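K.L.:
Could you look at this predicted model? Sequence included:
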Amino acid sequence: KAGVTQTPRYLIKTRGQQVTLSCSPISGHRSVSWYQQTPGQGLQFLFEYFSETQRNKGNFPGRFSGRQFSNSRSEMNVSTLELGDSALYLCASSLGDRGSYEQYFGPGTRLTVT
Amino acid sequence: AQSVTQLDSQVPVFEEAPVELRCNYSSSVSVYLFWYVQYPNQGLQLLLKYLSGSTLVKGINGFEAEFNKSQTSFHLRKPSVHISDTAEYFCAVTRGGATNKLIFGTGTLLAVQP
């Protein structure tokens, strides 16, 4: 079974621009979560989607948004990029049912904002 | 709310020596516990999990962890490490229920020396 895939792997953007990152979960997984990893703040939860609905959200500004499609693929968008948004963005998928809490991570998208 | 503390930011150890990476958590509700490993420029790989049952759990690559509810700990151990075990290790918790949101510790860099 193919793992979680994320595109693109690397991205360089300019402050003020917007960016969209994509995540394809493991086949059969209905839950997708996004995390931001930075040297200063570590791994922080952004949001979780299950069956096209956001069911949890972390403490990030409204510039960070996401969505999930009917095939469980997910995208996250960051508008009006700031230098502090430079990070590794990780996507994780899981079955999403109660009792199935293991999450499997993709390789991440490295975003650099200049 | 849940929180995770990894007491050691870096653990140097010689090859073939045993190692223990410490993890303590705080939660007012029952939680599920995980250890993940991250190699340079990669995503997170699930090492092992505690969901219920036996408090000693075995994972991949010869790692094991013991859940101690009274001490709120979930320490990771390996009896004999290899150079290839050099990586960042993250302890994480989730309260489960209707969310898979993971709360991560700050990570421990395991540096295996020849």
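P.N.:
All right, it came through fine. Residues are numbered from 1 along each chain as shown, chains lettered A, B, ... in the order given.

K.L.:
Close to chain B: what parts of chain A are there?
P.N.:
Contacts of chain A with chain B, taken as Cβ under 8 Å from any Cβ of the partner chain, map to A:4, A:6, A:31, A:33, A:35, A:42-45, A:48, A:55-56, A:58, A:90, A:92, A:94, A:96, A:98-99, A:101-108. C-beta: built from backbone N, CA, C; applies to glycine.

K.L.:
Please check the residues you listed and keep the buried ones.
P.N.:
A:4, A:6, A:31, A:33, A:35, A:43-45, A:48, A:55-56, A:90, A:92, A:94, A:96, A:101-108 (16 or more other Cβ atoms under 10 Å in any protein chain shown).

K.L.:
Go ahead and name everything in contact with the helix or strand B:Val57 falls within.
P.N.:
Following DSSP states H and E, the helix or strand that holds B:Val57 is strand B:56-58. Identification of contacts with strand B:56-58 by Cβ atoms under 8 Å, 6 or more residues apart in numbering or on different chains yields B:48-50, B:64-67.

K.L.:
Now with 7 Å, please.
P.N.:
Taking contacts as Cβ atoms under 7 Å, 6 or more residues apart in numbering or on different chains, the residues outside strand B:56-58 that touch it are B:48-50, B:64-66.

K.L.:
for stretch A:91-109, same thing?
P.N.:
For stretch A:91-109, contacts defined as Cβ under 7 Å, 6+ apart pick out A:3-6, A:8-9, A:11, A:21, A:23, A:25-26, A:29-35, A:50, A:74, A:88-90, B:32, B:42-44, B:46, B:49, B:51, B:94, B:96, B:100, B:102.

K.L.:
Among the contacts of strand B:56-58, give me the pair with the biggest separation.
P.N.:
Using Cβ to Cβ, the two most remote members of the contacts of strand B:56-58 are B:Lys49 and B:Glu66, lying 13.0 Å apart.

K.L.:
The two: who's more crowded?
P.N.:
With neighbours defined as other Cβ atoms under 10 Å in any protein chain shown, B:Lys49 and B:Glu66 compare such that B:Lys49 has more, 19 against 16.
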